[in-house]
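In: How does the following fold in three dimensions:
(2 chains)
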Amino acid sequence: MTSAIAVEGLFKRYGDLDVLRDVDLDIGRGEFYTLMGQNGSGKTTLISIVTGTSPPTRGRVEIHGHNILDESEKVRRIIGYVPQENFSSPTLTGHENLVYFARLFGLVKSEANRVTEQLLERMGLTEDAKKRVSDYSGGMRKRLEVATALLPGIKVLFLDEPTTGLDPSTRKGFLGTLKEVNEEGATIFMVTHIGEDAEVASRVGFMDRGKIVLEGEPDRLKERSGLQNVIEIETPFKGKEIASVVRSFSIDGRLQETDEGYMLYSDKAEEAMPRLVRALDGVGCGVERIEKRTPSLEDVFFKATRKRLR
Amino acid sequence: MTTLNFLATVVGKSLKEFTRERMVIIWTYAVPLFFLAVLPMMYGGVPAEVVPRLKGALTLTMVTFLVMTAGQSNLPGSIAKDTERGLYLKMASMPVSPWKESLGRIIATCIFSLAGSALMLVVGILYGAVFNVCLTDILVAAGFIFLTVVASVGVGLIIASLVKGESASTHTGVAITLITYFLGGMALPYTSLPEALKVFARLHPITSANASMVFLLEGESYIGYNPFSAVQIFTTVALSFLVLVVGIKLYSNLCWRR
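Out: Residues are numbered from 1 along each chain as shown, chains lettered A, B, ... in the order given. Below you'll find the model as predicted:
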């Protein structure tokens, strides 16, 4: 069986800038793949090429065995793309928006209406179907827009930063909906810079400077990173001497500066924490807060690239 | 789905968006209606028997003003808004033809403009405007209104393709409409224009079509020249469609990212 998404040697250059540098990707049918990376790492360029909205400089992309350039019409009938922006019309109702996209997709009026009713029901928007989208919350609007990517015949969903601007509880509900869609057989390719969002995926890729630098299942990535604990420490002030003290407790010598203080990786956090507090006391720096937590995908990303996602 | 069904979908959506935006209605319909009501109050020294014909000429000019506003300002504004909110990215990933989509938008703007034109004519007549009317003249005048719509939509598509952002597109459209209105022999008599602007007024497909309408329904004295020469009519028709074709081409290439 061919892959849902197959990318080989994808290269994109804008002027003198190489935005994508020989990206290879193979996503199986029914997979939920999340691509993480900083702003400017090439994620959105990659998604725009694989959805056929921007041409590559070179390389090959196939969706369900169809070449994105030679068989673009076939590809457009099996993909559903949800760009980062809220593309639904605020002056139309939720129902009118969905019917519009269903009809653009080629459904006749009666079929478009029937499918719209089903999708609104599935997204929990039936009661608000007659409201204008300008009266929708951010989460409702995003669910409506995802519904446009679930029209009949669509097999692969592409989502670009779909949870941007959603509050944590709405985000959780939204990701749950995506998981259900995936479990029903759709392949999902999602771009995000939020580690918690990536946790729902069956496989995660890290993108840095136009290349995919690491890939794997979320738990396996964490295991392979060797990270056992993350210590977050809040100090009243920061400086070279303090950073040097804190760094000496990090297992890999890496230290991340945060807004309030520092973050470091440790294999024996319980033992290290009281010693770290004492060491900082010794250089005249009190500790306002110190706590350990389990590593997230953002930590793994930081370890792999030395870059923060947020 | 057939092409007709597709067009009906795009036309329906565009018309809903036009008619549900209060500011679009105000800018497009209410402003020319306001001019139509207020400008005749300045006809103080004009002989009473001439006023109905002047009102007729003014009504036709306001029809053109309305058509220009719809095509040159509302259309690029709505396209820019859709660009900003990522609609074109979404549509580019769907089995949608840019040409058909642009045709749907053009038809919607035509319907919106023509409905406003009909309203303007009714209000003008109720307000005392008088026209020299026979069936042939009405049909020819309708043809010239259609040409103003074609040229305005063409200019609107060019603005939408070259000027980014809803506010910038809309304001550019308003500025071009006002420049055309004031410098193209519509606000001021053609005879009072300097030579360079007379050439502009005769070459510009919208001001030239407006002059043809007024000449036809009110007479040469309200225009100052005879626009019904073969060269003039050919120029107006050819330039109207040329602007439209250039507009569609730019729109398909620049607003659609594929």
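In: which bits of the stretch 51-200 of chain B sit near chain A?
Out: B:82, B:84-87, B:89-96 (CB under 8 Å from any CB of the partner chain). Yep, even glycine has a C-beta here, placed from its N, CA and C like the rest.
In: Drop anything exposed from those.
Out: The neighbour count (16 or more other CB atoms under 10 Å in any protein chain shown) marks B:82, B:84-87, B:89-94, B:96 as buried among these.
In: Okay, and which of these map to helices?
Out: Of the positions in these, B:82, B:84, B:87, B:89-92 sit in helices, assigned by DSSP state H.
In: can you list those in a markdown table and add pLDDT?
Out: Below are those laid out as a markdown table (pLDDT from 0 to 100):
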| residue | pLDDT |
| --- | --- |
| B:82 | 93 |
| B:84 | 92 |
| B:87 | 94 |
| B:89 | 91 |
| B:90 | 94 |
| B:91 | 94 |
| B:92 | 93 |
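In: For residue A:289, state which of these is nearest.
Out: Nearest to residue A:289 out of these is residue B:84 (CB to CB; 41.9 Å).
In: Quick check: mean pLDDT of the helix or strand harbouring residue A:176?
Out: Secondary-structure assignment from DSSP states H and E places residue A:176 in helix A:168-183. Across helix A:168-183, the average pLDDT comes to 87.
In: Quick check: buried residues in that helix?
Out: So for helix A:168-183, counting by 16+ other CB under 10 Å, buried means A:170-171, A:174-175, A:177-178, A:181-182.
In: what ranges do the helices span in chain A?
Out: Assigned by DSSP H, the helices in chain A fall at A:43-50, A:72-76, A:94-104, A:109-122, A:138-147, A:168-183, A:195-198, A:218-225, A:240-247, A:269-282, A:297-305.
In: Below-threshold pLDDT in the stretch 151-258 of chain B: ranges please.
Out: Along the stretch 151-258 of chain B, the parts satisfying pLDDT under 70 run over B:257-258.
In: residue contacts, residue A:230?
Out: For residue A:230, the contacting residues are A:263-266, A:269, A:292-296, A:299, by CB atoms under 8 Å, 6 or more residues apart in numbering or on different chains.
In: hey, what's it bridged with?
Out: Under the criterion DSSP bridges, residue A:230 forms beta bridges with residue A:265, residue A:293.
In: Please report the distance of it from residue A:170.
Out: Separation of residue A:230 from residue A:170 (CB to CB, to the nearest Å): 26 Å.
In: Burial check on residue 78, number of neighbours?
Out: Since you didn't name a chain, this refers to chain A. Close neighbours of residue A:78, defined as other CB atoms under 10 Å in any protein chain shown, add up to 15.
In: The chain in question should be chain B.
Out: Other residues near residue B:78 number 25, with proximity taken as other CB under 10 Å.
In: so which strand or helix has it?
Out: Assigned by DSSP H and E, residue B:78 falls within helix B:75-84.
In: chain center to that helix: distance?
Out: Here the centre of helix B:75-84 is set off from its chain's centre by 18 Å, with CA atoms, centre = their mean, to the nearest Å.
In: Please list only the buried members of the contacts of residue A:230.
Out: Taking 16+ other CB under 10 Å as the criterion, what is buried in these is A:263-266, A:269, A:295-296, A:299.
In: ok, those residues vs chain B, which is closest?
Out: Using CB to the nearest CB, residue A:296 comes nearest to chain B of those, at 29.1 Å.
In: Give me the spatial nearest neighbour of the closest one, chain neighbours excluded.
Out: residue A:195 (4.4 Å; CB to CB, 6 or more residues apart in numbering or on different chains).
In: residue contacts, that neighbour?
Out: Counting by CB under 8 Å, 6+ apart, residue A:195 makes contact with A:36, A:296-299, A:301, A:309.
In: Look up the closest residue to residue A:257, ignoring the ones flanking it.
Out: Nearest-residue entry for residue A:257: residue A:238, 6.8 Å, with adjacent residues in sequence omitted and distances by CB to CB, 6+ apart.
In: which phi and psi does the one you found have?
Out: Main-chain dihedrals, residue A:238, degrees, to the nearest 10: phi -130, psi 160.
In: Please tell me how far it sits from residue A:302.
Out: Taken as CB to CB, the span from residue A:238 to residue A:302 is 18 Å.
In: Kindly report the same for residue A:235.
Out: For residue A:235 relative to residue A:302 (CB to CB), the value is 19 Å.
In: Compare neighbour counts for the two and give me the winner.
Out: Higher neighbour count among residue A:235 and residue A:302: residue A:302, with 22 against 19, using other CB under 10 Å.
In: And for the helix holding residue B:78, what's in contact with it?
Out: Contacting residues not belonging to helix B:75-84 are listed as A:85, A:87, B:14, B:17-18, B:24, B:88, B:105, B:109, B:153, B:156-157, B:159-160, B:163-166, B:168-170, B:172-173, B:251, B:255 [CB under 8 Å, 6+ apart].
In: try it again with 6 Å
Out: By CB atoms under 6 Å, 6 or more residues apart in numbering or on different chains, the residues outside helix B:75-84 that reach it are B:109, B:156, B:159-160, B:165-166, B:169-170, B:173.
In: can I get the ones in helices among the buried ones among the residues of the stretch 51-200 of chain B next to chain A in a markdown table with distance to residue A:122?
Out: As requested, these are exported to a markdown table (distance: CB to CB, whole Å):
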| residue | distance to residue A:122 |
| --- | --- |
| B:82 | 26 |
| B:84 | 29 |
| B:87 | 23 |
| B:89 | 24 |
| B:90 | 19 |
| B:91 | 23 |
| B:92 | 25 |
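In: Which pair of those residues spans the longest distance?
Out: For those, and using CB to CB, no pair is farther apart than B:84 and B:92, which are 15.0 Å apart.
In: Identify each of the helices in the stretch 151-258 of chain B and give its residue range.
Out: In the stretch 151-258 of chain B, the helices defined using DSSP state H, counting those that start in this stretch lie at B:166-183, B:195-203, B:205-218, B:230-250.
In: right, so the ones you listed: which one is the most enclosed?
Out: helix B:205-218 (a mean of 27; mean count of other CB atoms under 10 Å in any protein chain shown).
In: Without its sequence neighbours, what residue ends up closest to the residue in the stretch 51-200 of chain B that chain A sits nearest to?
Out: Scanning the stretch 51-200 of chain B for the residue nearest chain A gives residue B:86, at 3.2 Å (criterion: CB to the nearest CB). If the residues on either side of it in the chain are set aside, residue B:86 comes closest to residue A:85, at 3.2 Å by CB to CB, 6+ apart.
In: ok, that neighbour to residue B:230 distance?
Out: Distance, residue A:85 to residue B:230, using CB to CB: 51 Å.
In: Low-confidence stretches in chain A?
Out: A:1, A:309-310.
In: Chain B contacts on that one?
Out: A:51, A:53, A:73, A:76-77, A:81, A:83, A:85-87, A:91, A:100, A:103-104, A:106 (CB under 6 Å from any CB of the partner chain).
In: Can you report how many residues neighbour the closest residue to residue B:130 other than its chain neighbours?
Out: Excluding its sequence neighbours, the residue lying closest to residue B:130 (CB to CB, 6+ apart) is residue B:52, at 3.8 Å. Using other CB under 10 Å, residue B:52 has 16 neighbouring residues.
In: Next one: residue B:52, what pLDDT does it get?
Out: Residue B:52 is given a pLDDT of 90.
In: My guess is it contacts residue B:127. True?
Out: No. Assessed by CB atoms under 6 Å, residue B:52 is found out of contact with residue B:127, at 9.6 Å.
In: quick check: angle from the helix holding residue A:176 to helix A:109-122?
Out: Relative orientation of helix A:168-183 and helix A:109-122, computed by axes from the mean of the first three to the mean of the last three CA atoms, to 10 degrees: 130 degrees.
In: helices and strands around helix A:168-183, which ones?
Out: If contacts are counted by 3 or more CB pairs under 6 Å, 6 or more residues apart in numbering or on different chains; DSSP states H and E, helix A:168-183 sits against no helix or strand.
In: between it and helix A:138-147, how big is the angle?
Out: Using the same axes, to 10 degrees, the inter-axis angle of helix A:168-183 relative to helix A:138-147 is 20 degrees.
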